[in-house]
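> Please work out how this folds:
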Amino acid sequence: MPGSAAPTTTRCERREPTGGERGTAMLEADTGFTGSIPENYDRYMVPLIFEPYAADLAKRAASLSPRTVLEVAAGTGVVTRALAPKLPADATYVVTDLNQPMLDHARSRQGPDDRISWRQADALALPFEDAAFDLVCCQFGAMFFPDRSLAYREAKRVLKPGGVFLFSVWDRIEENAFADEVTNALAEMFPDDPPRFMARTPHGYHDTAVIRRDLEGAGFARVTIETKAEQSRASSPRIPAAAYCQGTVLRSEIEARDAGKLEAATDHAASAIAAKHGKGAVAAKIQAHIIAAMA
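Alright, predicted model coming up:
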């Protein structure tokens, strides 16, 4: 759930996890951010959970004073919008995502900037020369990589010696209240086949020991991991319910179970959130890991 990578695919086949996916049973359909999902994702999810971390990641990135920046899994561009104003006038900033609809939406939200180039690219096979960038950044995309070890090796390959790979992943779903409450509410509605996208993929790569091992295995040194809590805020319980049910792949999972129950599922999730946080403005904890690894 990228500020995340989302290659376009509609298949729903199970496959065995590969490098860096230990303990995660991601489905191929988990990367299907298609149809109206990108627009709803940007409208609901970005202000709800991504903007605070984008501001933080942009601040950390700018403090490194990079002149050449690559962003992978840019999603709808929340980090791009936060980071571009902080980069020097002579910087070059390449923004990529595998999902063209997400990248198109990101470009449409960004003002004219000659420093920025946009390119559809696979994080597992980056179309760039070795040692081309001072910084590679990625917000909440690594959870979606089909082979994280390969993606990390690619990030290291395109970094200059001493360059930094800066990225974030969500902590476990129990530390992210709205996501957990929506997931539990949908399990009540579909008890025989509960939609588990949020727990399975966005919150499925949270073990810091595994993350560190994956990065070190890819050749990175000086790996630092900081766990950072923020507050997710919305004007009503309906906003987070719609964000998760209609702005993520949960929508596809709901509609696959009953195409006519999307609104009912959203209403049920909203009721669950209201029961815990009230019917007015709501706020709840979100938590993520911020990782920096030196090439």
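> longest helix in this protein, by residue count?
Taking DSSP state H as the criterion, the chain has its longest helix at helix 262-277.
> As a check, name the ranges of all strands in the stretch 151-295 of the chain.
159-170, 221-234, 282-294 (DSSP state E, counting those that start in this stretch).
> Pick the most deeply packed of these.
Comparing the strands of the stretch 151-295 of the chain by mean neighbour count (mean count of other C-beta atoms under 10 Å), strand 159-170 comes out on top with a mean of 21. Every C-beta, even on glycine, is put in place using the N, C-alpha and C of the backbone.
> What helices and strands are in contact with that one?
Contact partners of strand 159-170 among helices and strands, from 3 or more C-beta pairs under 8 Å, 6 or more residues apart in numbering; DSSP states H and E: helix 51-63, strand 133-139, helix 148-158, strand 282-294.
> Could I get those in CSV, plus columns for mean pLDDT?
Listed next are these as CSV, based on pLDDT from 0 to 100:
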stretch, mean pLDDT
helix 51-63, 97
strand 133-139, 98
helix 148-158, 98
strand 282-294, 98
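> is it possible to export these to a markdown table including distance to residue 216?
Putting these into a markdown table (distance: least, C-beta to C-beta, whole Å) gives the following:
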| stretch | distance to residue 216 |
| --- | --- |
| helix 51-63 | 21 |
| strand 133-139 | 17 |
| helix 148-158 | 9 |
| strand 282-294 | 8 |
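> Of all those, which one comes closest to residue 195?
strand 282-294 (19.8 Å; C-beta to C-beta).
> mind listing what the closest one pairs with, with the direction of each?
With DSSP bridges as the test, strand 282-294 is paired with strand 159-170 (antiparallel), strand 221-234 (antiparallel).
> quick one: that strand to strand 133-139, angle?
150 degrees (axes from the mean of the first three to the mean of the last three C-alpha atoms, to 10 degrees).
> Could you point out which residue ranges in this structure have low pLDDT?
Scanning the chain for pLDDT under 70 picks out 1-38.
> rerun at 90
1-47, 76, 99, 101-102, 105, 111, 221, 247-249 (pLDDT under 90).
> what sits up against the longest helix of the chain?
177-178, 181-182, 184-186, 188-189, 236-238, 240-242, 244-246, 251, 254-255, 282-284 (C-beta atoms under 8 Å, 6 or more residues apart in numbering).
> Against residue 255, how distant is the closest residue to residue 132 other than its chain neighbours?
Leaving out its chain neighbours, the residue that sits closest to residue 132 by C-beta to C-beta, 6 or more residues apart in numbering is residue 158, at 5.1 Å. Distance of residue 158 to residue 255, given as C-beta to C-beta, to the nearest Å: 38 Å.
> ok, now residue 155?
34 Å.
> out of those two, which sits in the busier spot?
residue 155 (29 against 14; other C-beta atoms under 10 Å).
> What separation is there between the more buried one and residue 70?
When C-beta to C-beta is the yardstick, residue 155 and residue 70 sit 8 Å from each other.
> which residues do the two both contact?
126, 136.
> could the strands of the stretch 151-295 of the chain go into JSON lines alongside distance to residue 199?
Compiled in JSON lines, the strands of the stretch 151-295 of the chain are given as follows (distance: least, C-beta to C-beta, whole Å):
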{"stretch": "strand 159-170", "distance to residue 199": "10"}
{"stretch": "strand 221-234", "distance to residue 199": "17"}
{"stretch": "strand 282-294", "distance to residue 199": "14"}
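> Which one of these lies nearest to residue 51?
Closest to residue 51 of those, according to C-beta to C-beta: strand 221-234, at 9.4 Å.
> Now do that closest one and helix 51-63, the angle between them.
Going by the same axes, to 10 degrees, strand 221-234 makes 150 degrees with helix 51-63.
> No further questions, thank you.
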